[in-house]
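[1] the sequence and its predicted three-dimensional model are supplied below.
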Amino acid sequence: MTLVYQSTRDAQNTVTASQAILQGLAADGGLFTPIAFPELELDFESLKDASYQEVAKLVLAAFLDDFTEEELDYCIDNAYDGKFDTAVIAPLIKLNDQYNLELFHGSTIAFKDMALSILPYLLTTSAKKQGVDNKIVILTATSGDTGKAAMAGFADVPGTEIIVFYPKDGVSKIQELQMTTQIGANTHVVAIDGNFDDAQTHVKQMFNDKELGAKLLANHAQFSSANSMNIGRLIPQVVYYVYAYAQLLKTGAIQNGDHINFAVPTGNFGNILAAYYARQIGLPVGRLVCASNENNVLTDFFKSGIYDKKREFHVTTSPSMDILVSSNLERLIFHLLGNNSAKTKELMEALLEKGEYRLENADAAILELFAADFATEKETAAEIKRIYDSTHYIEDPHTAVASAVYHNYKLATDDKNPGVIVSTASPYKFPRVTVAAVTEEDSQDDFTAIADLQKISGTAVPKAVAGLKTAPVLHKNVVAAADMQKAVEAYLGL
């Protein structure tokens, strides 16, 4: 039986996996979500010796069940190859009493590579399966990492165009340069005067604009998304949670069946939702620790049941988490409400109109899986230094947020489960922040900081940043948030 993906806002809007990937966002504004999870036998005694690619095939075949075996092999083989700097793809590093799952060994040194290296292949394969020969226009907002990883994946892929919007003053210098120096005739990068939430809101509006959609179709084009709102971005992230468990078993750190905790630095909620989906297909998960920075809207939600975006927006040293509207939480809300699309739609409309909603009559068993807290800027810097002083290992600020929150969680509870910190970016992406945390001195600029970080850490400078200083800036467009659609229409000649 083919798995059904339904919009979180309309029970009648159901599609297959490939249709969901191709559309990206449901036309009603909802997110395509599995209404039942695939039945999958996770035989960890054999999985502990499986490659990342083999685990990926097992998981993706279950969730993307309208893809053939040959189609999945094509997508996986082209995604998880030499563009990763280790054959392991996602190494697990032991640090004192925790494990760090390194998801930054891809071409843009951030966890987004784990899914965005395969999404172009899933998307173009989906288009062929559905008999679509329109140009696929990837329209996405980024808080720093999605944009670069998406452009790297889609650059010069035939039949695609990609347009990325990012907050002008809301990303690190390295993140900005990674985007603005991106090559590829089909890539477009635009800075906006506004924050990530502004960018994401206007992107969603364009997806839901029927007049704009008609204009695109008249020009043989259609939108799709590279954000984790696209199920084709979310499902590949399930893989590394299963893989991490298998690796812990292989090293003897756990016994088969033991529960483990994951602490996830959380902004748009996609990464931690993937961990929940892994649990739903049989991964022995104890707690999922949702770690936020000072934009702690999710912490308050899990503690109070009230989601309130009407608060001060903080620009922090962990910019990929500087988000007040966590889009993927909608999928969890849908599950918490027993897959009730009418009630989910009501809450999402309340968030749009009133800036808040209250969750009631939620599934207590699902809520109990989640713990939530946040780390201040001071605590994040202190955690980078604490880990460095005890292990000589340097965490990036996003990873340090999760590490700090999990450290406090362990102190406050008697939870004995092994803990895995989901490490989402290389410290070389945020060199000034990491060097300052360790040395308590500012390197003055990012490129001096890269040299300082290399000395302190003894690790090689990744290819992703090594040539940035001299790379030509190819994308210089800056627009007001309200003018994003005009920029899209100009790029596409509409």
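    Received the coordinates, thanks.
[2] now do the strands in the stretch 1-150 of the chain.
    5-7, 10-15, 32-34, 92-95, 98-102, 135-141 (DSSP state E, counting those that start in this stretch).
[3] can I get these in a markdown table including distance to P431?
    Backbone N, C-alpha and C define where each C-beta goes, glycine included. A markdown table is the format used below for the strands of the stretch 1-150 of the chain (distance: least, Cβ to Cβ, whole Å):
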| stretch | distance to P431 |
| --- | --- |
| strand 5-7 | 40 |
| strand 10-15 | 43 |
| strand 32-34 | 38 |
| strand 92-95 | 20 |
| strand 98-102 | 17 |
| strand 135-141 | 25 |
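[4] tell me which of the ones you listed sits nearest to Q237.
    The stretch from the strands of the stretch 1-150 of the chain with the least distance to Q237 (Cβ to Cβ) is strand 98-102; that distance is 11.6 Å.
[5] in three-state terms, label D373 for me.
    Under DSSP: H, G, I helix; E, B strand; the rest coil, the three-state class of D373 is strand.
[6] which stretches of the stretch 301-450 of the chain form strands?
    Taking DSSP E, counting those that start in this stretch as the criterion, the stretch 301-450 of the chain carries its strands at 306-308, 356-358, 370-374, 419-423.
[7] so which elements touch the first one?
    So that's strand 306-308. helix 297-304, strand 356-358 (3 or more Cβ pairs under 8 Å, 6 or more residues apart in numbering; DSSP states H and E).
[8] which helices and strands sit right next to the shortest one?
    Contacts defined by 3+ Cβ pairs under 8 Å, 6+ apart place strand 356-358 against strand 306-308, helix 341-354.
[9] which positions within it qualify as buried?
    356-357 (16 or more other Cβ atoms under 10 Å).
[10] stretch 293-308 now?
    293-302, 307-308.
[11] mind saving the C-alpha coords of that stretch as CSV?
    Extracted in CSV, the C-alpha atoms of stretch 293-308 (Å, rounded to 0.1, in the frame of the first residue of the first chain):
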residue,chain,number,x,y,z
ASN,A,293,19.1,30.2,21.8
GLU,A,294,17.7,33.5,23.2
ASN,A,295,14.9,33.3,20.6
ASN,A,296,13.3,30.8,23.0
VAL,A,297,9.8,30.7,21.6
LEU,A,298,9.9,26.8,21.4
THR,A,299,11.1,26.5,25.0
ASP,A,300,8.1,28.5,26.2
PHE,A,301,5.8,26.5,24.0
PHE,A,302,6.9,23.1,25.3
LYS,A,303,6.6,24.4,28.9
SER,A,304,3.3,26.3,28.6
GLY,A,305,1.5,25.0,25.6
ILE,A,306,1.3,28.5,24.2
TYR,A,307,3.1,29.5,21.1
ASP,A,308,3.6,33.3,21.2
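[12] which residues does that stretch contact?
    265-266, 269, 290, 292, 309, 311, 313-314, 316, 318, 321-324, 326, 329, 347, 351, 355-360, 362, 367, 370-377, 380, 401 (Cβ atoms under 8 Å, 6 or more residues apart in numbering).
[13] quick one: buried ones out of these?
    The buried subset of the contacts of stretch 293-308 - by 16+ other Cβ under 10 Å - is 265-266, 269, 290, 292, 309, 313, 316, 318, 321-324, 326, 329, 347, 351, 356-357, 359, 370-375, 377, 380, 401.
[14] any chance of the helices and strands packed on strand 306-308 in CSV, with mean pLDDT too?
    Shown next, in CSV, are those (pLDDT from 0 to 100):
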stretch, mean pLDDT
helix 297-304, 97
strand 356-358, 97
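[15] and P397, which of the ones you listed is closest to it?
    Between the helices and strands packed on strand 306-308, helix 297-304 lies closest to P397; by Cβ to Cβ that is 17.1 Å.
[16] wait, Y241 sits on A278?
    Yes: using Cβ atoms under 8 Å, Y241 is in contact with A278, at 3.9 Å.
[17] joint contacts of these two?
    Common neighbours of Y241 and A278, using Cβ under 8 Å, 6+ apart, are V285.
[18] and the strands of the stretch 1-150 of the chain: which comes nearest A62?
    With respect to A62, and counting by Cβ to Cβ, the nearest of those is strand 32-34 at 10.1 Å.
[19] packing partners of that closest one?
    For strand 32-34, the packing partners by 3+ Cβ pairs under 8 Å, 6+ apart come out as strand 5-7, helix 329-336.
[20] pull the residues that contact that strand.
    3-8, 15, 20, 23, 26, 63, 231, 277, 331, 334-335.
[21] centre of the chain to that strand, how far?
    17 Å (Cα atoms, centre = their mean, to the nearest Å).
[22] you'd agree A141 is up against Q205?
    No: with contacts counted by Cβ under 8 Å, A141 stays clear of Q205, the gap being 11.1 Å.
[23] which of those two has more neighbours?
    A141 (27 against 13; other Cβ atoms under 10 Å).
[24] so the more buried one bridges to which residues?
    Beta bridges link A141 to F165 when assigned by DSSP bridges.
[25] list the contacts for it?
    Neighbouring residues of A141 by Cβ under 8 Å, 6+ apart: 164-166, 196, 199-200, 202-203, 227.
[26] also D446?
    Counted by Cβ under 8 Å, 6+ apart, D446 has contacts 172-174, 431-432.
[27] still on that earlier bit, the helices and strands packed on strand 32-34: which one's closest to N256?
    helix 329-336 (27.1 Å).
[28] now the closest one, how far from the centre of its chain.
    For helix 329-336, the distance to the chain centre is 16 Å (Cα atoms, centre = their mean).
[29] show me the helices in the stretch 201-350 of the chain, by range?
    Taking DSSP state H, counting those that start in this stretch as the criterion, the stretch 201-350 of the chain carries its helices at 210-218, 231-250, 270-280, 297-304, 329-336, 341-354.
[30] just so I know, which of the ones you listed lies nearest V189?
    helix 231-250 (18.7 Å).
[31] ok, back up a step: want to throw the buried residues of stretch 293-308 into JSON lines with distance to Q247?
    Below are the buried residues of stretch 293-308 laid out as JSON lines (distance: Cβ to Cβ, whole Å):
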{"residue": "N293", "distance to Q247": "28"}
{"residue": "E294", "distance to Q247": "33"}
{"residue": "N295", "distance to Q247": "32"}
{"residue": "N296", "distance to Q247": "31"}
{"residue": "V297", "distance to Q247": "33"}
{"residue": "L298", "distance to Q247": "28"}
{"residue": "T299", "distance to Q247": "29"}
{"residue": "D300", "distance to Q247": "34"}
{"residue": "F301", "distance to Q247": "32"}
{"residue": "F302", "distance to Q247": "28"}
{"residue": "Y307", "distance to Q247": "35"}
{"residue": "D308", "distance to Q247": "39"}
